[in-house]
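Asks: heads up, no residue letters with this:
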């Protein structure tokens, strides 16, 4: 595969969301500076309607050659076509289009597994409407793990220019976090994280700081026992395996400005423990990366923004960053 011309697939996302809008804006912005082949996997009608809504001038090119994509055209919006089940209305969810959303993701992953593309950038989906239509996964990350041949336990990492964070548990209730955590799971996920930082990010000896679960990291067992029974044993085992890990640190001190400079990644015990700090400090400049898959996947850090769908207000900055990050990871992955 020609690695100078990187091929990046962009999924449709929720059709009633801002996904088509930010995709068009991102492609327009990147067209003159990117040497990648950016290919949308979506219904062409969504893109046509959004082009008209935005009063943009853009020509579509429908790709039929799935073997080598020789019919790709520079300066066009290139689309692998899939059909909506029903016409989509901006801001109005329709569970009948959930299959369309899944098909866009699945088709993209299939092309990646066949080595027809180098990376996928996924647009936001609405998990609530998806779950009402046979979507049995807690989120995008888990579905991608299901489709992956290599690893069924992928890791979600959010990244800004100054900070990387990983939540060990993601879209589950707070009441379930301590039940989900166990020493073996912590060891397993941090091992995958460490290997990916070495392999993809080319960090020779990653420094990984690990948070506690309870306030003050349990205060020696006075405010919860998980640090003593689960997290400390995992850290000791990881140290014996040669990993550069430290902790558990109280979450309220882990994200101080000077502390952030000490480590490559902060690993947290649950979703908001990781996402609140990075989204508060670096909102608009964050991307979501899935580690541990047998393909590269990035995405913007925001949701579907149904409240502004069709209003021409959507900011494509995070999607642009996600595409640029995919390009960067492709270079690093294939670097000798």
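Replies: Received it, and whenever you're ready, just let me know what you need. Note that this is a predicted model, so its numbers are computed, not measured.

Asks: any idea how far the residue of the chain most remote from its centre is from residue 210?
Replies: Of all residues in the chain, residue 222 has its C-alpha farthest from the mean position, at 36.6 Å, by CA atoms, centre = their mean. Separation of residue 222 from residue 210 (CB to CB, to the nearest Å) stands at 20 Å. C-beta: built from backbone N, CA, C; applies to glycine.

Asks: now do residue 195
Replies: Where residue 210 is concerned, residue 195 sits at a distance of 16 Å (CB to CB).

Asks: and for residue 313?
Replies: In terms of CB to CB, residue 313 sits 39 Å off from residue 210.

Asks: cool, and residue 263?
Replies: 10 Å.

Asks: same question for residue 316.
Replies: In terms of CB to CB, residue 316 sits 34 Å off from residue 210.

Asks: of these two, which one has the most company?
Replies: residue 210 (27 against 21; other CB atoms under 10 Å).

Asks: partner strands of the helix or strand that that one is a member of, parallel or antiparallel?
Replies: Per DSSP states H and E, residue 210 falls inside strand 207-211. Strand 207-211 has the following sheet partners, assigned by DSSP bridges: strand 244-249 (parallel), strand 265-268 (parallel).

Asks: which one of those strands lies nearest to residue 285?
Replies: For residue 285, the closest of the strands paired with strand 207-211 is strand 265-268, at 16.8 Å, according to CB to CB.

Asks: just the buried positions in that closest one, please.
Replies: 265, 266, 267, 268 (16 or more other CB atoms under 10 Å).

Asks: domain ranges for this protein?
Replies: Using automatic domain parsing, the domain ranges for the chain come out as 1-154+293-336, 156-288.

Asks: just put the ones you listed in JSON lines and tack on mean pLDDT.
Replies: Putting the domains of the chain into JSON lines (pLDDT from 0 to 100) gives the following:
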{"stretch": "domain 1-154+293-336", "mean pLDDT": "90"}
{"stretch": "domain 156-288", "mean pLDDT": "95"}
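
Asks: so which elements touch the host helix or strand of residue 279?
Replies: Using DSSP H and E, residue 279 sits in helix 271-282. With contacts taken as 3 or more CB pairs under 8 Å, 6 or more residues apart in numbering; DSSP states H and E, helix 271-282 sits against strand 155-159, strand 164-167, strand 265-268.

Asks: the stretch 51-200 of the chain: strands as residue ranges?
Replies: 60-62, 77-81, 119-121, 155-159, 164-167 (DSSP state E, counting those that start in this stretch).

Asks: most tightly packed of the ones you listed?
Replies: strand 119-121 (a mean of 26; mean count of other CB atoms under 10 Å).

Asks: contact partners for residue 28?
Replies: 56, 58 (CB atoms under 8 Å, 6 or more residues apart in numbering).

Asks: neighbours around residue 87, how many?
Replies: Residue 87: 12 neighbours (other CB under 10 Å).
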